[in-house]
Structures are given as structure tokens and as C-alpha cells.
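[1] Kindly return the folded structure for what I paste below:
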Amino acid sequence: QVQLVESGGGLVQAGGSLRISCAASGGTFSSRGMGWFRQAPGKEREFVAAIWWSGGTTYYADSVKGRFTISRDNAKNTVYLQMNSLKSEDTAVYYCAAQTPYRTGTNDYTGAYAYWGQGTQVTVSS
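    Down below sits the predicted model:
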């Protein structure tokens, strides 16, 4: 069983930066694609970014492209989301998610992920 624990959320002013982390335990981290999703109040959970298990390929939602960067450190079993030029519309609970080992194909939807963290709140004040 894979456990995911997010950290690093908080309150930041518009235009600022924040890095959130997701520490994984259980299973083999390096064999799993990882993703970040977010959910704002009253809205559905939406895709933010993903990184393949091989680490060399990343994907981003159009709304965050050029501002957010996903990365992973397999030695630390951790995936990161660096968020720059934050906007008020980025306010949401951010969730980390892990795929089953060596999964390929489209990874920008919730059904592509088997494990989820509890989420971390990111609030951007304008």
C-alpha cells in the first residue's frame, strides 16, 4: 500500500512563490508516475501537473504552464510542485497522486491514479 503525505502549503500573496512536497512510502516510488491535482471550493478536482515514472517527461494544465514545475527525487521518494507567479485562482487544496507501477498513457485525469494524499491547502491573497 502506498501512502502519500503532502506538505508545504500555506498563505502567499499574489505574484509570490511556493513549493509543495509529497513524500511517498510503501511500494516502489521510482516505478510510479506521479501527479498533482487541485480542488477549489464548489469545483471538481482538476489536473495540474504530472511526471512519468521515468522522470523525463512532464505534463501541465494550460492554466499553470510556464508558472508551475513538477519534479521528483527518487532517492527521497518525494515529488515537488514549484509554483511561481501565483494567482488568486490558484487557491485550492492540492492533492498528490501516484499511479500503479510502469503505467503509460494519458495521465491528466483522476482515474489514472491509484493512490491519493490527504491534500494541502494553498491560499493566494490578492
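
[2] Remind me which helix or strand the residue positioned nearest the centre of the chain belongs to.
    With distances taken as C-alpha atoms, centre = their mean, Trp36 lies nearest the centre of the chain, 2.1 Å away. Trp36 belongs to strand 34-39 when assigned by DSSP states H and E.

[3] Listing partners with orientation, what would you give for the helix or strand just after that strand?
    Counting by DSSP H and E, the next helix or strand C-terminal to strand 34-39 is strand 46-51. As defined by DSSP bridges, the strand partners of strand 46-51 come to strand 34-39 (antiparallel), strand 58-60 (antiparallel).

[4] Pick the most deeply packed of those strands.
    Highest mean neighbour count of those: strand 34-39, a mean of 24 (counted as mean count of other C-beta atoms under 10 Å). Glycine gets a C-beta too; all of them are placed from N, C-alpha and C.

[5] what mean pLDDT does that one have?
    The average pLDDT within strand 34-39 is 98.

[6] how far is that strand from where the chain is centred?
    4 Å (C-alpha atoms, centre = their mean, to the nearest Å).

[7] cool, stretch 52-61 as well?
    11 Å.

[8] What residues sit buried inside that stretch?
    Trp52, Trp53, Tyr59, Tyr60, Ala61 (16 or more other C-beta atoms under 10 Å).

[9] For the first one, which non-adjacent residue is spatially closest?
    Yep, that's Trp52 we're talking about. Gly33 (5.2 Å; C-beta to C-beta, 6 or more residues apart in numbering).

[10] List the residues that contact the one you found.
    Residues near Gly33 by C-beta atoms under 8 Å, 6 or more residues apart in numbering: Ala50, Ile51, Trp52, Trp53, Ala98, Gln99, Arg103, Asn107, Ala112.

[11] Find the residue ranges of the protein scoring beneath the pLDDT cut-off.
    For the chain, the stretches with pLDDT under 70 are 55.

[12] Relative to Val5, how far out is Gly117?
    6 Å (C-beta to C-beta, to the nearest Å).
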